[in-house]
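**Q** Okay, predicted coordinates and the sequence, questions at the end:
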Amino acid sequence: MVRILLAEDDDAMREYLARALEKAGYLVSAVDRGTAAIPLLESEHFDLLLTDIVMPEMDGIELAQKAGVIAPDMRVMFITGFAAVTLKAGKAVPQAKVLSKPFHLRDLVMEVDRMFEVGSATGLS
């Protein structure tokens with residue numbers, strides 16, 4: 001089963017995303033900031049880092065770069081509501097997928113499914 005580490009500082013968004021991904025069959029560990037993700041990356045295996053870009057303490061780009069050293073085979077997907085940081089993310093972590101807010105949960109699940117070539121019938125609408 002695919003394991004996802006979700007780093008999102010907005011409580012409601014974090015719960016919303018985690019619930020949708022779990023409903024789609026993914027195992028999700030969620031943290032509220034990048035600095036909280038590092039110990040999990042060091043002690044557990046994750047297939048995907050799903051991170052907001054703009055967060056306090058450590059932004060998602062820095063987190064993805066550190067994650068790339070800790071777990072080089074892990075995939076990365078950024079979520080952001082700021083168009084200006086999308087370009088910065090693409091340059092810093094070129095292999096990462098960027099999903100711009102606002103997005104529908106169905107779109108998020110479809111993108112994750114595509115990354116892992118999973119045929120998920122989520123029923124999300």
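**A** Arrived safely, thanks for sending.

**Q** Give me the three-state assignment for residue 99.
**A** Here residue 99 is strand, with the state taken from DSSP: H, G, I helix; E, B strand; the rest coil.

**Q** which residues of the protein score low on pLDDT?
**A** Filtered on pLDDT under 70, the chain yields the residue ranges 118-125.

**Q** let's go with 90 and repeat that
**A** Applying pLDDT under 90 to the chain flags residues 80-95, 98, 100-102, 117-125.

**Q** And the most centrally placed residue in the chain, how close does it get to residue 26?
**A** Residue closest to the average C-alpha location in the chain (Cα atoms, centre = their mean): residue 50, at 0.6 Å. Distance, residue 50 to residue 26, by Cβ to Cβ, to the nearest Å: 10 Å. C-betas here are computed from N, CA, C, even on glycine.

**Q** Need the residues touching each of those two.
**A** Residues touching both residue 50 and residue 26 comprise 4, 112, with contact defined as Cβ atoms under 8 Å, 6 or more residues apart in numbering.

**Q** on that earlier part again, and the residue nearest to the centre of the chain, its phi and psi?
**A** Residue 50 has phi and psi values of phi -110, psi 110 when expressed as degrees, to the nearest 10.

**Q** what does residue 6 give?
**A** Here is the backbone geometry of residue 6 (degrees, to the nearest 10): phi -100, psi 120.

**Q** residue contacts, it?
**A** Contacts of residue 6 by Cβ under 8 Å, 6+ apart are 14, 17, 18, 21, 28, 29, 30, 31, 50, 51.

**Q** same deal with residue 39?
**A** Residue 39 neighbours (Cβ under 8 Å, 6+ apart): none.
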